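Student: model this:
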Amino acid sequence: MESSRIAISIGVTLDRFIRSNEKQYPQSVGEFSQLLRDIALASKVVNREINKAGLIDIMGAVGNQNAAGDEQQKLDVLADIRFTRALSKGGAACAIISEEEEGIVQLNPDAKYIVAIDPLDGSSNIDVNVSIGTIFSVYRRKSAVGTAINLEDCLQPGSAQVAAGYVLYGSSTMLVYTTGQGLNGFTYEATLGEYVLSHPDIHIKPDANTYSINEGISKSFVQPGIHVYLNHCKEHHYAARYIGSLVADIHRNLLKGGIYLYPATIHHPQGKLRLMFEANSLAFVVEQAGGKATDGEKRILDIEPTQIHEKTPLFIGSLQMVEALENALVGN
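Tutor: From the prediction side, this is the model:
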């Protein structure tokens with residue numbers, strides 16, 4: 001019997017993939033690679049905690065609100081601690097801005113990279129065993145190395161990202177990320193403790209027939225064009241698929257095609273999703289897969305942020321579907 005039949009290859013691990021691509025960033029001297037490894041390590045720890053959620057007391061709210069005004073869940077706090085610790089000990093991040101923190105978390109002043117992160121998006125869904133996720137972005141600092149990070153370093157448009165991605169904690173745990181050279185997905189192999197390349201060179205379908213939106217709040221949508229587009233979807237018998245967990249909805253549409261919509265509402269006239277922690281990262285990811293992301297008026301990655309916890313509407317997914325939505329918004 002051939003040895004190849006006895007020992008089937010496990011594939012390319014994340015660490016090996018990172019090392020093979022280090023030549024794209026000769027100026028980083030390994031720092032950028034270390035940063036990605038730190039994010040991957042923290043995600044493994046968070047994955048472990050999530051899998052124990054029903055066995056120990058880490059579900060439910062803690063009784064506080066985060067910087068964005070949302071009720072903090074215990075797992076939000078735990079995930080924030082895990083990612084902060086990993087990035088601090090790794091030494092490759094000079095600062096973190098997090099959805100769970102009011103301001104800038106200063107780390108290694110001699111490092112070059114800033115991480116913007118939503119440590120655990122959709123954490124309230126953990127109580128009912130629905131997929132949740134981590135969303136992250138990486139920016140290169142503007143200020144001199146060795147100094148404290150300032151607000152200008154953090155408030156960069158999404159087009160300045162050097163990397164972005166998400167981790168999906170679901171029936172399997174996946175890390176999907178881009179450095180601007182295409183999009184790749186890695187599935188966590190728990191028995192090995194390794195992420196393995198499972199979805200190389202991801203591309204989203206240019207058109208599809210799935211839309212994701214919370215139609216339960218449709219009466220509060222402030223843009224009439226949203227209703228026009230939704231009627232278009234229904235007239236063409238599109239399938240409505242809405243999990244209510246941002247990473248899970250985006251991940252499904254990324255692999256199968258579709259559009260995700262979170263418009264401005266009466267209660268959230270500026271939108272509800274966070275530009276720095278959610279929209280920028282996911283827009284970079286989807287664009288690298290051939291899709292499109294807009295706030296209804298302009299490309300998400302071209303928005304110049306004015307504050308860390310800025311919010312935005314988000315329409316993201318298959319290119320032709322997003323363009324059809326834009327046409328509906330312009331016509332109304």
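Student: switch to C-alpha atoms for all contacts and neighbour counts from now on
Tutor: OK.
Student: quick one: average pLDDT of stretch 275-289?
Tutor: Averaged across stretch 275-289, pLDDT comes to 98.
Student: Can you give me the separation between the closest residue to Thr265 other than its chain neighbours and Thr294?
Tutor: Leaving aside its chain neighbours, Thr265 sits nearest to Phe221 (4.4 Å; criterion: CA to CA, 6 or more residues apart in numbering). According to CA to CA, to the nearest Å, Phe221 stands 17 Å off from Thr294.
Student: go on, Lys142?
Tutor: For Lys142, the distance to Thr294 equals 26 Å [CA to CA].
Student: Looking at these two, which is more packed in?
Tutor: Thr294 (24 against 15; other CA atoms under 10 Å).
Student: Show residues contacting the helix or strand hosting Tyr229.
Tutor: Assigned by DSSP states H and E, Tyr229 belongs to helix 224-235. Taking contacts as CA atoms under 8 Å, 6 or more residues apart in numbering, the residues outside helix 224-235 that touch it are 209, 211, 218, 263, 324-325, 328-332.
Student: next one: stretch 250-270
Tutor: Residues from elsewhere that reach stretch 250-270 (CA under 8 Å, 6+ apart): 168, 202-214, 220-223, 226, 249, 271-273, 282, 286, 289, 311-318, 321-322.
Student: switch the cut-off to 7 Å
Tutor: For stretch 250-270, contacts defined as CA atoms under 7 Å, 6 or more residues apart in numbering pick out 204-205, 207-213, 220-222, 271, 311-318, 321-322.
Student: Among those, which ones are in helices?
Tutor: The helices, defined by DSSP state H, take in 321-322 from the contacts of stretch 250-270.
Student: List buried residues within the contacts of stretch 250-270.
Tutor: 204-205, 207-213, 221-222, 271, 311-318, 321-322 (16 or more other CA atoms under 10 Å).
Student: ok so, going back, buried subset of the contacts of helix 224-235?
Tutor: By 16+ other CA under 10 Å, those give 209, 211, 263, 325, 328-329 as buried.
Student: Turn those into TSV, including distance to Ala40 and pLDDT.
Tutor: Listed next are the buried ones among the contacts of helix 224-235 as TSV, based on distance: CA to CA, whole Å; pLDDT from 0 to 100:
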residue	distance to Ala40	pLDDT
Asn209	33	97
Tyr211	30	98
Pro263	32	97
Leu325	35	97
Ala328	40	96
Leu329	39	95
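Student: Tyr169 against Thr134, yeah?
Tutor: No: at 8.3 Å, Tyr169 and Thr134 do not qualify as touching, with contact defined as CA atoms under 7 Å.
Student: what ranges do the helices span in the stretch 51-200 of the chain?
Tutor: Counting by DSSP state H, counting those that start in this stretch, the stretch 51-200 of the chain has helices at residues 74-90, 151-154.
Student: ok so, going back, can you tell me which of the contacts of helix 224-235 is nearest Gly158?
Tutor: Pro263 (19.2 Å; CA to CA).
Student: Quick check: phi and psi on that closest one?
Tutor: phi -80, psi 170 (degrees, to the nearest 10).
Student: Kindly report the same for Leu282.
Tutor: phi -70, psi -30.
Student: before we move on, the earlier item: helices - which of the contacts of helix 224-235 land there?
Tutor: Short answer: these in helices (DSSP H) are 324-325, 328-330.
Student: Measure how buried the nearest residue to Lys311 once chain neighbours are set aside is and give me the count.
Tutor: Sequence neighbours aside, Arg274 is the residue nearest to Lys311 in space, at 4.4 Å (criterion: CA to CA, 6+ apart). As a burial measure, Arg274 scores 19 neighbours (other CA under 10 Å).
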